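Chemist: output the structure for:
(one chain, ligands or ions: 2)
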Amino acid sequence: REQVELINSIPKAELHVHIEGTFEPELMFTIAERNDIRLKYKSVDDLRAAYQFNNLQEFLDLYYAGAYVLLYEQDFYDLTMAYLKKCHEEKVVHTEIFFDPQTHTQRGVPFKNVINGILQACIDARNEWGITYRLIPNFLRHLSEEDAIKTFKESLQYGELFTAYGLDSSEKGHPPAKFKKVFEMVRTEGFLTVAHAGEEGPAQNVWDAIELLKVARIDHGVRSIDDAELLDKLARIEMPLTVCPLSNLKLKVVNDMADHPLKKLLDHNIVATINSDDPAYFGGYMNANFQSVTEALDLTNDDIVTLAVNSFKASFLSDEEKQKWF
Ligand code: ADE
Ligand code: ZN
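Modeler: Ligands and ions are numbered 1, 2, ... in the order given. Presented below is the predicted three-dimensional model:
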């Protein structure tokens, strides 16, 4: 169809992708083998068959288990390069990559292995394909704020590589207020902030991410649909939402893609964007996400263009860099 062509060919930015969530089963087996780690699944098919989730936590348990085979700089390089190759194929010309330092440092993997591997892949992809990038470490919200502060301080030796810091992992029981202090430290050091909010948690978490954590973007934010006053506010202050449709379906944030609030958010003039979140686990990269909502919600060509323009508008590119794309 003509819309498939438009989706595949229009330049896009991805603003919400966890590099650990791009870990395809095939690569996981390859790296496990060379690192002498035994996976608890017999085969790639076996592992892929386990990708059925009833909620965020069931997914996170598998996602953290998968990340355990990543040990060396080469592992992080291969992981990131495989994702960037997808970007190149799908006309994703700019990407803002999340990674979870604590998932790795907690088990003794040096910060430098993580960052050097990811960074070298980004540099190579920029030289090869012209893809631009930003790197955004995320704090794990199921761990303490003390641990986030410790991680932030350790990360500062690479501080010039980072544009922003984020907050991810289990939203239930770990509200934005828990991380008020570390986010203040992050902003004081001159970084932007983002946070997952209103994915499984209530619209109140979106308010709190804005007011307590002073974020520049909300990751997910789809529960905002429950709060008319919040929707007005998001539109008025032009607060971007990095929406992840296939993720929401796979984690049962929505029961059917036809029920996804994306179209309502757009119609409310909210700066919504489309993103893949953890594409290896949720069954699709950027274009599959665009495709899926386009079909389920009858998006128009204008909607698709708006989503692509929003992705640059909401990005952390400089104004000068943005002008290249819209
Ligand atoms: N970490 C990776 N993907 C996530 C998601 N969708 N929500 C919260 N934490 C995550
Ligand atoms: Zn996410």
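
Chemist: near ligand 1, which residues of the stretch 101-250 of the chain show up?
Modeler: For the stretch 101-250 of the chain, the residues in contact with ligand 1 (C-beta under 6 Å from any ligand atom) are 168-169, 196, 199, 247. C-betas here are computed from N, CA, C, even on glycine.

Chemist: output the contacting helices and strands for the host helix or strand of Leu60.
Modeler: Here Leu60 sits within helix 56-67, counting by DSSP states H and E. Under the contact definition 3 or more C-beta pairs under 8 Å, 6 or more residues apart in numbering; DSSP states H and E, helix 56-67 sits against helix 101-105, helix 279-282.

Chemist: what's across from the residue of the stretch 151-300 of the chain found nearest ligand 1 in the sheet?
Modeler: Going by C-beta to the nearest ligand atom, ligand 1 is nearest to Asp168 of the stretch 151-300 of the chain, at 3.6 Å. In this entry, Asp168 is beta-bridged to Leu140, by DSSP bridges.

Chemist: buried set for stretch 186-200?
Modeler: 186-187, 191-200 (16 or more other C-beta atoms under 10 Å).

Chemist: looking at those residues, which are in helices?
Modeler: 186-187 (DSSP state H).

Chemist: would you turn the buried residues of stretch 186-200 into JSON lines with pLDDT?
Modeler: Shown next, in JSON lines, are the buried residues of stretch 186-200 (pLDDT from 0 to 100):
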{"residue": "Val186", "pLDDT": "99"}
{"residue": "Arg187", "pLDDT": "98"}
{"residue": "Phe191", "pLDDT": "99"}
{"residue": "Leu192", "pLDDT": "99"}
{"residue": "Thr193", "pLDDT": "99"}
{"residue": "Val194", "pLDDT": "99"}
{"residue": "Ala195", "pLDDT": "99"}
{"residue": "His196", "pLDDT": "99"}
{"residue": "Ala197", "pLDDT": "99"}
{"residue": "Gly198", "pLDDT": "98"}
{"residue": "Glu199", "pLDDT": "98"}
{"residue": "Glu200", "pLDDT": "98"}
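
Chemist: deepest in the core, which of the helices and strands packed on helix 56-67 is it.
Modeler: Greatest average neighbour count among the helices and strands packed on helix 56-67 goes to helix 279-282 (a mean of 25), per mean count of other C-beta atoms under 10 Å.

Chemist: which strands and helices sit next to that one?
Modeler: helix 56-67, helix 245-250.

Chemist: out of those, indicate the one that is most buried.
Modeler: The stretch of those with the highest mean neighbour count (mean count of other C-beta under 10 Å) is helix 245-250, at a mean of 25.

Chemist: which outside residues touch that one?
Modeler: Helix 245-250 is contacted from outside by 51, 53, 59, 199, 220, 222, 253-254, 256-257, 260, 262, 274, 276-279, 281-284, 288-289, 292-293, using C-beta atoms under 8 Å, 6 or more residues apart in numbering.

Chemist: just how off-centre is that helix within its chain?
Modeler: How far helix 245-250 lies from its chain's middle: 13 Å, per C-alpha atoms, centre = their mean, to the nearest Å.

Chemist: packing partners of the next helix or strand after that helix?
Modeler: Tracing the chain past helix 245-250, the next element assigned as helix or strand by DSSP H and E is helix 262-267. When contacts are defined as 3+ C-beta pairs under 8 Å, 6+ apart, helix 262-267 sits against strand 241-243, strand 272-274, helix 286-297, helix 301-313.

Chemist: I'd like the ones you listed as JSON lines, with mean pLDDT appended.
Modeler: What follows is those, written out as JSON lines (pLDDT from 0 to 100):
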{"stretch": "strand 241-243", "mean pLDDT": "99"}
{"stretch": "strand 272-274", "mean pLDDT": "99"}
{"stretch": "helix 286-297", "mean pLDDT": "98"}
{"stretch": "helix 301-313", "mean pLDDT": "98"}
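
Chemist: would you map the helices across the stretch 1-150 of the chain?
Modeler: Read by DSSP state H, counting those that start in this stretch, the stretch 1-150 of the chain holds these helices, from start to end of the chain: 2-9, 25-34, 44-49, 56-67, 73-89, 101-105, 111-129, 145-155.

Chemist: ok and the fifth one relative to helix 286-297, angle-wise?
Modeler: Okay, so that is helix 73-89. 50 degrees (axes from the mean of the first three to the mean of the last three C-alpha atoms, to 10 degrees).

Chemist: which other residues reach helix 73-89?
Modeler: Here helix 73-89 makes contact (C-beta under 8 Å, 6+ apart) with 14, 17, 19-20, 22-24, 27, 31, 35, 69-70, 92-93, 95, 97, 112-114, 116-118, 120-122, 124-125, 128-129, 131, 279, 285-286.

Chemist: I appreciate the help and will end here.
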